[in-house]
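1. Provided below for reference: sequence and predicted model.
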Protein chains: 2
Amino acid sequence: MNKKTSTPTMKDVAREAGVSLGTVSNVFNGAQVSESYKIKVEEAARKLGYKVNRYARGLKTNQTRTIAFICPGTDHPFFADMANYISKALQEQGYRMMLAVTQYSPDMEQKCIQMVTENKVDGIIALTYNPDLIIDENLPFVSIDRFYSESVPCISCDNYAGGTLAARKLCELGATKLLFFNIAPAVSGEPDKRQAGFESWCRFHNVPFESIVSSDDQAFRPFLNLVRDRIHDGKPDFDGIFCNTDKLAYVICQILKENGISVPEDVQVIGFDGINMFGDNMMPCVSSIVQPVEQMALQAVSMLLSADRTHLPTLTCLPVRYRPGGTTREDFVKEYIYGNGEKEPN
Amino acid sequence: MNKKTSTPTMKDVAREAGVSLGTVSNVFNGAQVSESYKIKVEEAARKLGYKVNRYARGLKTNQTRTIAFICPGTDHPFFADMANYISKALQEQGYRMMLAVTQYSPDMEQKCIQMVTENKVDGIIALTYNPDLIIDENLPFVSIDRFYSESVPCISCDNYAGGTLAARKLCELGATKLLFFNIAPAVSGEPDKRQAGFESWCRFHNVPFESIVSSDDQAFRPFLNLVRDRIHDGKPDFDGIFCNTDKLAYVICQILKENGISVPEDVQVIGFDGINMFGDNMMPCVSSIVQPVEQMALQAVSMLLSADRTHLPTLTCLPVRYRPGGTTREDFVKEYIYGNGEKEPN
DNA sequence: AAATTTTAATGAAACGTTTCAAAAAATGAC
DNA sequence: GTCATTTTTTGAAACGTTTCATTAAAATTT
């Protein structure tokens, strides 16, 4: 019967309700409309099964209430959690989320930005590694874990504090000779501060340590070699390791075990990220400095959507916390005497 | 200088290049245009930094090259992996992905469908639980793990075969008294077939078994109670457990350990999903029936985008495989004699 | 070189909204 | 009951594309 089989438009609703197009628009936008007209329009809309066409609306209003989240991929729990929280927060505010994955490729990062820009998103939250990323100044942008410039707000956890916390915890739990293992892409970012924090704490407290960095994202060999070199008569000459990610921490534990070293008895290990597989159900997991993923996500969303974007902080560091797991000896707590002679606050 | 500070449009490009609007459009759409004009247009576009406005294009062409993926949330590795593969596949084909999370709420599932429909996505891939979901017949839709109707293609792994495989493996590895643990939302779906497959194999091979189902998504108590009841003099009266998810398997292992039962020596456990934390780096993980997540994702995308959507299969089951982990005794392999007197193929 | 055919370029209309100036209706004051 | 004022409703224009019927130009044939 219907002339058109396609989805009904506002024009159809207007005809059905016997009012003008503008009135229909006013109803849906909460403008002043008499009660009787309002009812007529709403009834017609229901009857026809009318749904707003956001593409048409976006064209006219120049805002789409869609934002993009760009990250390497949701195959890593940290990114997956981030995507989840961001998506949830956006939906609650009536926004939609476009997910773009880059697989750590700088080219893809740029391409994704282009892609979502064409799609007229209202803003971008990005977790990128390309230091030369070209960012359109006119499009609201919030960066996670990478500082670009004064005009691009960056959100991260307090990586420096996380580094010091890891060092402190290891020592409190009885470790005396520490190692820092860092596996990371070649470019620098906020997470580098984990190392700085760790080293600075060790130096200040006169704890011997060593840092080993592998810039190849997949290469565990440097760590493997080092571990082997350091085992004399079946005993390692270190007793605490801080890894810059939980993933690395798991691998290191594996390596240690394969070399006959037991964790946490011989060597204690602390990771970074606070990945909790399957909620909190899976114990034991690696002991870790946990990032406040949810708060970071909420902060990113709120900054991106903030009405006044002219006075946003350049860098926002959210607090981390220590989560005991199966790779540290929580039974062993040493009242560690700190440099200034007092116990530091937790 | 520029009259307008906003992003340049095709009209601006046309003016800059000294050609008509239609010609600019033709250039970007690969229609027949003389070489000289083409160059003029492309140069003008580059100079102005022109980017197509996909909202305007979508309005006119009625297709947005955006598809929606709806799932409970990317906080679960299975969904996260699925999202990742789908997103990747779509991007490779020039599509964008909108992610909508439902947190297992039937209402949210419907709301998400409404939301992405308004957004004029070209199709939906959904992993939903609401059995009464209203699906618009005119919008391409592919369901994962839930069968809706003949007109909605459903993709899943071969859950039934997975169930039989789990039972078979447990027996091959020496288990003789089996348990099936199922924790699931109250509604039925393809994954229910895991139980059917498991039970049927056990019955056919005369292996004693018992199935325990908890319909409350979070309630592990039934399993805990059962395990305790079944321990006499420190020894359980079962020696193999098949859990319908890896997550549950981890919890069960935990429960067993807390009750003084060692895995896999006393009891062997097999989960379902094949979640691999952090790629393949983390060993040991739970032994598992692994779902072909990537193939499922690719299949879903290809079906959704298929040119001829009239002859799509109603249900597509992709093959599963067994992945040994730390919760089974791979050292113990019994040449199990099957019902028909022959060794079944793997 | 004129007539014909083929090819390329043009510009107006349309997609489904919002917006806004103008018209119409309702209300209030006298 | 008229006029002034306020409130509500209307309908055309615009957003940035694509499409398509025309027109113009080029190529081919006579």
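-> Good, I have the coordinates.
2. which SSE is the residue of the stretch 1-150 of chain A found nearest DNA strand D in?
-> Proximity of the stretch 1-150 of chain A to DNA strand D (C-beta to the nearest atom of the strand) peaks at residue A:22, 2.4 Å away. To be clear about C-beta, it is placed using only N, CA and C from the backbone, and glycine gets the same treatment. Taking DSSP states H and E as the criterion, residue A:22 maps to helix A:21-28.
3. is that helix up against DNA strand C anywhere?
-> Yes - judged by C-beta under 7 Å from any atom of the strand, helix A:21-28 and DNA strand C are in contact via A:21-22, A:24-26, A:28.
4. who wins for neighbours among these?
-> residue A:24 (27 neighbours; other C-beta atoms under 10 Å in any protein chain shown).
5. I'd say that residue and residue A:10 touch.
-> Yes - assessed by C-beta atoms under 8 Å, residue A:24 is found in contact with residue A:10 at 4.9 Å.
6. tell me the SS of the closest residue to chain B within the stretch 51-200 of chain A?
-> In the stretch 51-200 of chain A, the residue that lies nearest chain B is residue A:80 (3.7 Å; C-beta to the nearest C-beta). Using DSSP: H, G, I helix; E, B strand; the rest coil, the structure places residue A:80 in helix.
7. show the contacting residues for residue A:257.
-> residue A:263 (C-beta atoms under 8 Å, 6 or more residues apart in numbering or on different chains).
8. from residue A:267, how far out is it?
-> Applying C-beta to C-beta, to the nearest Å, the value for residue A:257 to residue A:267 is 10 Å.
9. can I assume residue A:313 is in contact with residue A:153?
-> Yes - look at residue A:313 against residue A:153 with C-beta under 8 Å: they come within range, at 6.5 Å.
10. which parts of the stretch 101-250 of chain A sit against chain B?
-> A:101, A:103, A:112, A:114-120, A:138, A:246-247, A:250 (C-beta under 8 Å from any C-beta of the partner chain).
11. pick out the most distant pair among those residues.
-> A:138 and A:250 (42.5 Å; C-beta to C-beta).
12. what about those two, which has more around it?
-> For residue A:138 versus residue A:250, neighbours defined as other C-beta under 10 Å are more numerous around residue A:250 (22 against 10).
13. my read is that the more buried one contacts residue A:286, right?
-> Yes - counting by C-beta under 8 Å, residue A:250 touches residue A:286, with 5.9 Å between them.
14. determine the residues that are contacts of both of the two.
-> What both residue A:250 and residue A:286 touch, as defined by C-beta under 8 Å, 6+ apart, is the set residue A:271.
15. tally of neighbours for residue A:292?
-> 16.
16. now the closest residue to DNA strand C within the stretch 101-250 of chain A: how far from residue A:101?
-> Closest contact between the stretch 101-250 of chain A and DNA strand C, by C-beta to the nearest atom of the strand, is at residue A:120 (13.0 Å). Look at residue A:120 and residue A:101: by C-beta to C-beta, they are 20 Å apart.
17. before we move on, what about residue A:202?
-> 37 Å.
18. neighbour count: these two, which is higher?
-> Taking other C-beta under 10 Å, residue A:202 and residue A:101 do not tie; residue A:101 has more neighbours (26 against 23).
19. ok, that one touching residue A:73?
-> Yes - assessed by C-beta under 8 Å, residue A:101 is found in contact with residue A:73 at 4.5 Å.
20. what do these two both touch?
-> B:84, B:87-88.
21. in helices, which of the residues you listed appear?
-> Among those, the residues falling in helices (DSSP state H) are B:84, B:87-88.
22. so how far is the helix or strand residue A:111 falls within from its chain's centroid?
-> If you go by DSSP H and E, residue A:111 is part of helix A:106-118. Offset of helix A:106-118 from its chain centre (C-alpha atoms, centre = their mean, to the nearest Å): 19 Å.
23. can you give the contact residues for the helix or strand following that helix?
-> Using DSSP H and E, the helix or strand that follows helix A:106-118 towards the C-terminus is strand A:123-126. Strand A:123-126 is touched from outside by A:67-71, A:86, A:109, A:113, A:116, A:133, A:139-144, A:300-301, A:304-305, with contacts defined as C-beta under 8 Å, 6+ apart.
24. now stretch A:161-175
-> Contacts for stretch A:161-175 (C-beta under 8 Å, 6+ apart): A:178, A:193-202, A:205, A:207, A:209, A:239-240, A:242, A:268, A:270, A:272, A:287, A:289, A:291, A:317, A:319-320, A:322, A:328-330, A:332-334, A:336, A:344.
25. intersect these with the contacts of DNA strand C.
-> Of these, not one also sits near DNA strand C (C-beta under 7 Å from any atom of the strand).
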